[in-house]
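> need a 3D model of the following:
(chains A, B, C and D)
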There are 2 protein chains.
Amino acid sequence: MYDSKQAAQEPYLELVRELIFTYQAFTKTGETHIRKLGLTPPQFDVIATLGNIKGFNFKELGEKTLITKGTLTGVIDRLEEKGLVQRQMDQHDRRMFQVVLTKEGETLFEKIFPAQILHFKQQFQTLTPEEHEEILTALRKLKKIFKE
Amino acid sequence: MYDSKQAAQEPYLELVRELIFTYQAFTKTGETHIRKLGLTPPQFDVIATLGNIKGFNFKELGEKTLITKGTLTGVIDRLEEKGLVQRQMDQHDRRMFQVVLTKEGETLFEKIFPAQILHFKQQFQTLTPEEHEEILTALRKLKKIFKE
DNA sequence: TATTGTTATACTCTATAACTATA
DNA sequence: TATAGTTATAGAGTATAACAATA
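Below is the predicted model:
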């Protein structure tokens, strides 16, 4: 990924590199876990987005997950085939529908997060509360930079 | 994405959520930029990995980019078709080759980072050197957690 | 006319496993 | 036998644009 000589030329690059490496380290473990559940990353995104709420309509779901509509149709089709989500037509506007988790979808959702986090729990516990807070603050500062 | 009710139940989730949001904030801008250059994200990864160094052999490149070998063959094929990288056979072990940037690849690489970073430069300059260092330290701690 | 979601197209990435060539 | 990289296969995601149905 980003090279260190370049980072030396431009100190901001080192931050970006670290962000990328950190995120990759997270997803590498996470993705393996997700695949074991028989989900692809976009499918996981949809399940995670729908968890604990009543549902989103197709358009909202696309905005939340950053998946474009043409692609989203296919992703939802596959999740519906797996019995994890359902399309619920809107009574008032028949162009629209809500995407909601089925009972099986809910069950899967409830398993995903504890399992993901359990995986890192012991490691997280090596952080002091101060370190924990510092990391949180650091990430927020960085996020703000990218958002403005 | 990750739900906030769940995060309240498990404090580590908040860190993970922040990491994801921060990374998304970065890539959302970045990906648009990358696509405009005619590259896919994996192709960009390869170019970025090869920038400013003599090259990597196929296996090393796979390890750096986290792209599995079967996939990497295709990615490199496409970059070679675009004239951005080259396979350079190893004299000693004829099973291996180095992947190196062509002159055009170098030129592209030299454009990518300044453009990407310029985009955030003013924002980065709002950080004090201490904040800069703190963020770096924080990310490294987090990375270590995911790697162990 | 505008909006919602589907379909079509063409390409790329993905995992996995069998394979070839060299060591 | 082991290693480096390719090929084959099947499925999934991606952008983009044209399309149908409803508002």
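> distance of A:Ala25 from B:Phe44?
A:Ala25 sits 19 Å away from B:Phe44, going by Cβ to Cβ, to the nearest Å. Yep, even glycine has a C-beta here, placed from its N, CA and C like the rest.
> now do A:Glu60
For A:Glu60, the distance to B:Phe44 - Cβ to Cβ - is 29 Å.
> so those two - more neighbours on which side?
Taking neighbours as other Cβ atoms under 10 Å in any protein chain shown, A:Glu60 and B:Phe44 compare with B:Phe44 leading, 21 against 14.
> find the helix or strand that the nearest residue to that one once chain neighbours are set aside is a member of.
Using Cβ to Cβ, 6 or more residues apart in numbering or on different chains and skipping residues adjacent in sequence, the residue nearest B:Phe44 is B:Ile34, 4.6 Å away. Secondary structure from DSSP states H and E places B:Ile34 in helix B:11-36.
> could you pull up the mean pLDDT of that helix?
For helix B:11-36, mean pLDDT is 72.
> same check on stretch A:137-148?
On average, stretch A:137-148 scores 84.
> domains of chain A?
Domain ranges of chain A: A:1-36, A:41-147, per automatic domain parsing.
> helix/strand/coil for the residue nearest in space to the middle of chain A?
Computing the C-alpha centroid of chain A and ranking residues by Cα atoms, centre = their mean puts A:Asp45 first, at 4.8 Å. With DSSP: H, G, I helix; E, B strand; the rest coil as the basis, the three-state label of A:Asp45 is helix.
> wait, it sits on A:Ile67?
Yes. Counting by Cβ atoms under 8 Å, a contact exists between A:Asp45 and A:Ile67, whose distance comes to 7.3 Å.
> wait, what's in contact with A:Thr27?
Neighbour list for A:Thr27: A:Pro41 [criterion: Cβ atoms under 8 Å, 6 or more residues apart in numbering or on different chains].
> for chain A, which segments count as strands?
A:56-57, A:85-89, A:97-101 (DSSP state E).
> what sits up against the last one?
It refers to strand A:97-101. With Cβ under 8 Å, 6+ apart, strand A:97-101 has contacts from A:46-47, A:50-51, A:54-58, A:61, A:76, A:84-90, A:109.
> buried subset of these, written for PyMOL?
Command for PyMOL, covering only those of the contacts of strand A:97-101 found buried under the criterion 16 or more other Cβ atoms under 10 Å in any protein chain shown:
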select buried, chain A and resi 46+47+50+51+55+56+57+58+61+76+84+85+86+109
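> out of the contacts of strand A:97-101, who's near DNA strand C?
Among the contacts of strand A:97-101, proximity to DNA strand C is found for A:Asn57, A:Phe58, A:Ile76, A:Arg87 (Cβ under 7 Å from any atom of the strand).
> for the residue in chain A positioned nearest to DNA strand D, give its distance to A:Arg87.
Checking chain A residue by residue against DNA strand D with Cβ to the nearest atom of the strand singles out A:Gly70 as nearest, at 2.5 Å. Per Cβ to Cβ, A:Gly70 is found 16 Å from A:Arg87.
> who's in contact with A:Leu37?
So A:Leu37 contacts A:Phe44, A:Leu108, A:Lys111, A:Ile112 (Cβ under 8 Å, 6+ apart).
> which of the residues you listed fall within helices?
With DSSP state H as the criterion, helices contain A:Phe44, A:Leu108, A:Lys111, A:Ile112 from among the contacts of A:Leu37.
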